[in-house]
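Novice: Pasting a predicted model and its sequence here:
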Amino acid sequence: MDPSLNPQISDDILGAVNYRNTQKPKESWGRHPKIGSVASLIGNNFSSTVMLPKIAREIAEFAKENSAEIIWSVVQGQTMIKVVRRAAASAEIPYTVQVWDPPEWWLSENKFDKFTKNSVMKEFGKLLHNSRACMSASWSMAEEYTKEYQARCIPVVPGLDDKSNSELTERTDQDFIIAFAGQIYALTEFNALIQALELLNWSYSGKKIKLVLYGRYFQNLHFNSPANMVIRGWVDQTEVLKELSNADLLYCPYWFSSDFEKVARLSFPSKLTSYLKTKRPVLMHAPSYSSPTRFIRENNAGYVCESLSPAEIA
């Protein structure tokens, strides 16, 4: 587990399975402002040669102690990409992997040096090729990785169970509510939405537009006064689904930049799953080649805007 995170594992899961927590080594060496490439090369090489063999042994020992039949790993970041095959070989059991995002995005965001990038991508290819199955974040990812790595890919898109149905409550306001939930990865796209709302003078069809944001991080938004924005912060999933169900429109942006072309094409935003669960109108703001745009169009599941022009969005 990354030491900077604090996930909460529910008691019913902890009571049902044996559990061991191991600390993940630092993965963001390349982010050093002055010696990023050098720090990436030294730090990642140290992790690969010293720390990962130890973690692989711990996984293998735990697997044997519990008579595990298979290893299932989400491979996000270089640690998991490089440790799974080694652990499975040591435990003498097969493995399956789950991929949420192409590793190229992770390597770029964390400013890896060229040598480490090549090393991680080479291992990623071997990892997928030899996996019992590769659970892929989208249909597009399953298609591409099957072709590129001859992997046995199955699209496993984020889902919500039938029990999490949201109940509508009667609204007393007269606003037109646009809601957004989660982290804003696509900041350029989000700021284009705000410019569009300014063009509309924050009103639509005789109603005042209210933009309601659910999540932790909403810095770097650019808007002029008067903006009608409400930041609700982090809200429990059951409650946020209930509140989203009372919005008039749910907004989901995805990257247009060529720098994020592969992740837009292969990944799938989990917030879209939450949005569709509410049965409210969805606006997908993304390029035509992105996996969520393909999904929306093929299933007639919402509106699509394929432009960064504020006028077009408006």
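Specialist: Received it, and whenever you're ready, just let me know what you need. Numbers count the residues shown, from 1 in each chain.
Novice: Please enumerate the strands of the protein.
Specialist: Using DSSP state E, the strands of the chain run over residues 71-74, 95-99, 134-136, 153-155, 176-181, 203-204, 207-214, 229-233, 249-253, 282-285, 303-305.
Novice: Buried residues of the longest one, list them for me.
Specialist: Translated: strand 207-214. Going by neighbour count (16 or more other CB atoms under 10 Å), the buried part of strand 207-214 is 209, 210, 211, 212, 213, 214. Heads up, the C-betas are built off the backbone N, CA and C, glycines and all.
Novice: Not counting its own residues, what contacts it?
Specialist: Here strand 207-214 makes contact (CB atoms under 8 Å, 6 or more residues apart in numbering) with 173-182, 194, 197, 200, 202-203, 227-235, 240, 243-244, 247.
Novice: now these: which count as buried?
Specialist: Of the contacts of strand 207-214, these count as buried by 16+ other CB under 10 Å: 175-182, 194, 197, 202, 228-229, 240, 243-244, 247.
Novice: so where's the longest helix in the protein?
Specialist: helix 114-129 (DSSP state H).
Novice: Which elements pack onto it?
Specialist: Judged by 3 or more CB pairs under 8 Å, 6 or more residues apart in numbering; DSSP states H and E, the packing partners of helix 114-129 are helix 36-46, helix 78-91, strand 95-99, helix 103-109, helix 139-149.
Novice: Make TSV from the ones you listed and add mean neighbour count, distance to residue 306 and mean pLDDT to it.
Specialist: Putting the helices and strands packed on helix 114-129 into TSV (neighbours: other CB atoms under 10 Å; distance: least, CB to CB, whole Å; pLDDT from 0 to 100) gives the following:
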stretch	mean neighbour count	distance to residue 306	mean pLDDT
helix 36-46	18	35	89
helix 78-91	21	33	96
strand 95-99	22	26	97
helix 103-109	19	21	89
helix 139-149	18	16	96
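Novice: domains of the chain?
Specialist: Here the domain parsing of the chain from the TED database is 11-155, 163-312.
Novice: In a markdown table, list those along with distance to residue 2.
Specialist: Shown next, in a markdown table, are the domains of the chain (distance: least, CB to CB, whole Å):
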| stretch | distance to residue 2 |
| --- | --- |
| domain 11-155 | 5 |
| domain 163-312 | 16 |
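Novice: closest one to residue 1 among these?
Specialist: domain 11-155 (5.6 Å; CB to CB).
Novice: any idea how far residue 276 is from residue 91?
Specialist: 39 Å (CB to CB, to the nearest Å).
Novice: got it, and residue 226?
Specialist: Relative to residue 276, residue 226 is positioned 32 Å away (CB to CB).
Novice: Which one of these two is surrounded by more residues?
Specialist: residue 276 (19 against 9; other CB atoms under 10 Å).
Novice: and the nearest residue in space to residue 310 that is not next to it in sequence, how many neighbours?
Specialist: In space, and not counting its chain neighbours, residue 310 is closest to residue 195: 3.8 Å by CB to CB, 6 or more residues apart in numbering. Applying other CB under 10 Å, we find 18 residues neighbouring residue 195.
Novice: What does the pLDDT read for residue 195?
Specialist: Residue 195 carries a pLDDT value of 94.
Novice: try the one 10 residues further on
Specialist: At residue 205 the predicted local distance difference test score is 91.
Novice: and it, what is it in contact with?
Specialist: residue 176.
Novice: now it: how far from residue 248?
Specialist: For residue 205, the distance to residue 248 - CB to CB - is 10 Å.
Novice: Now do the shared contacts for the two.
Specialist: Jointly contacting residue 205 and residue 248 under the rule CB under 8 Å, 6+ apart are residue 176.
Novice: what mean pLDDT would you report for stretch 255-266?
Specialist: On average, stretch 255-266 scores 94.
Novice: Name the residues of it that are buried.
Specialist: Counting neighbours by 16+ other CB under 10 Å, one finds that the buried residues in stretch 255-266 are 255, 256, 260, 262, 263, 264, 265, 266.
Novice: that older thread, so which of the helices and strands packed on helix 114-129 comes closest to residue 61?
Specialist: Of these, nearest to residue 61 by CB to CB is helix 78-91, at 8.2 Å.
Novice: Packing partners of that closest one?
Specialist: helix 52-65, strand 71-74, strand 95-99, helix 103-109, helix 114-129.
Novice: Format the CA atom coordinates belonging to that helix as CSV.
Specialist: Taking C-alpha atoms only, helix 78-91 is exported to CSV below (Å, rounded to 0.1, in the frame of the first residue of the first chain):
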residue,chain,number,x,y,z
GLN,A,78,5.8,0.2,-11.8
THR,A,79,5.9,-1.7,-8.5
MET,A,80,3.0,-3.9,-9.3
ILE,A,81,4.0,-4.3,-13.0
LYS,A,82,7.4,-5.6,-11.9
VAL,A,83,6.5,-7.7,-8.9
VAL,A,84,3.6,-9.9,-10.1
ARG,A,85,5.4,-12.3,-12.5
ARG,A,86,8.2,-12.8,-9.9
ALA,A,87,5.8,-13.5,-7.1
ALA,A,88,3.7,-15.9,-9.1
ALA,A,89,6.8,-17.8,-10.2
SER,A,90,8.0,-18.1,-6.6
ALA,A,91,4.6,-19.2,-5.4
